[in-house]
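K.L.:
when you get a sec, could you give me coordinates for this:
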Amino acid sequence: MSAKDIYISFSHLSSLSVLIPIIISLIKLSAFNKQLKALFIYLILNLSNDVIGYVLFINNTSTTFSFEIFTILQGFIVVYIYSNQFKFSHRTMLSIQLLMLCLFLFIHFISPTSSDFSNALVDLIICFFGVRYFTQIFINLQVPVLTNYYFFWINTALLFYFGTTFLFSLFENFIRSGDETLAFFTWSIQLISNITHNFLLSIGIWKIKKT
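P.N.:
Numbers count the residues shown, from 1 in each chain. Now for the predicted structure:
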């Protein structure tokens, strides 16, 4: 099996893996608060991005613009998801989202031919929230058994995925300009991280209990 065939196989698995947390979300939807409903929207957005990306790909159309829109929308939703854990006011949350958008557009403006750094910025901001959340729960020690708490799994999934994506965003042009076989293997790692991310989200969503 060639590196390209492996990449295609993982690409299909990655796209299909998001259906697992979506299905579990539908089962648990009655226990969701506003932020968890945003998580469901996040999953639907991920699925939609895969479908749109596939349609554009088979029609030989660039996916750059759609992916950039997806990235900033994804960032907005994840900030909203974390707002409940950090007890952000509505104004604080909107300020963070506006700052994220401004920085994204500024970086994209000064480097219009590459979306690497603007996408990496969104990934980095989300990673900051992920690390901050873990720091908070370890300092406060308010969660007796971490593995029984749903947001532990959700935060782990987001931190793992966006941490991996951050590295790939930084070196995207380098990967694309290198050896094709190595590039396919490298992108396969990114797809595996997405599959893992969806698996961890599924565990977290399953552990949500109605309050």
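K.L.:
which regions of this protein sit below the pLDDT cut-off?
P.N.:
Applying pLDDT under 70 to the chain picks out residues 1, 3-4, 7, 63, 111-116, 141, 171-180, 182, 211.
K.L.:
please redo it, this time with the cut-off set to 80
P.N.:
For the chain, the stretches with pLDDT under 80 are 1-10, 54, 56-67, 107-118, 140-145, 168-187, 210-211.
K.L.:
run through the helices of it in chain order.
P.N.:
Ranges of helices in the chain, per DSSP state H, are 3-17, 19-28, 34-58, 64-85, 90-110, 116-140, 150-170, 172-177, 180-206.
K.L.:
would you mind finding the most buried of the ones you listed?
P.N.:
Comparing the helices of the chain by mean neighbour count (mean count of other CB atoms under 10 Å), helix 150-170 ranks first with a mean of 20. C-beta coordinates here come from the backbone N, C-alpha and C atoms, glycine included.
K.L.:
what packs against that helix?
P.N.:
Helix 150-170 sits against helix 64-85, helix 116-140, helix 180-206, with contacts defined as 3 or more CB pairs under 8 Å, 6 or more residues apart in numbering; DSSP states H and E.
K.L.:
so which of those helices is nearest Leu29?
P.N.:
Between Leu29 and the helices and strands packed on helix 150-170, the tightest spacing by CB to CB is seen for helix 180-206, at 9.7 Å.
K.L.:
and the angle from the closest one to helix 150-170?
P.N.:
Relative orientation of helix 180-206 versus helix 150-170 (axes from the mean of the first three to the mean of the last three CA atoms, to 10 degrees): 160 degrees.
K.L.:
what's helix 180-206 packed up against?
P.N.:
So helix 180-206, by 3+ CB pairs under 8 Å, 6+ apart, packs with helix 3-17, helix 19-28, helix 34-58, helix 150-170, helix 172-177.
K.L.:
same for the second one, what does it pack against?
P.N.:
Which is helix 19-28. helix 34-58, helix 180-206.
K.L.:
tell me the angle of the longest one relative to helix 34-58?
P.N.:
Yep, that's helix 180-206 we're talking about. Going by the same axes, to 10 degrees, helix 180-206 makes 150 degrees with helix 34-58.
K.L.:
how far does helix 180-206 sit from the chain's center?
P.N.:
11 Å (CA atoms, centre = their mean, to the nearest Å).
K.L.:
could you measure Phe88 against Leu200, distance?
P.N.:
Noted for Phe88: a distance of 23 Å to Leu200, by CB to CB, to the nearest Å.
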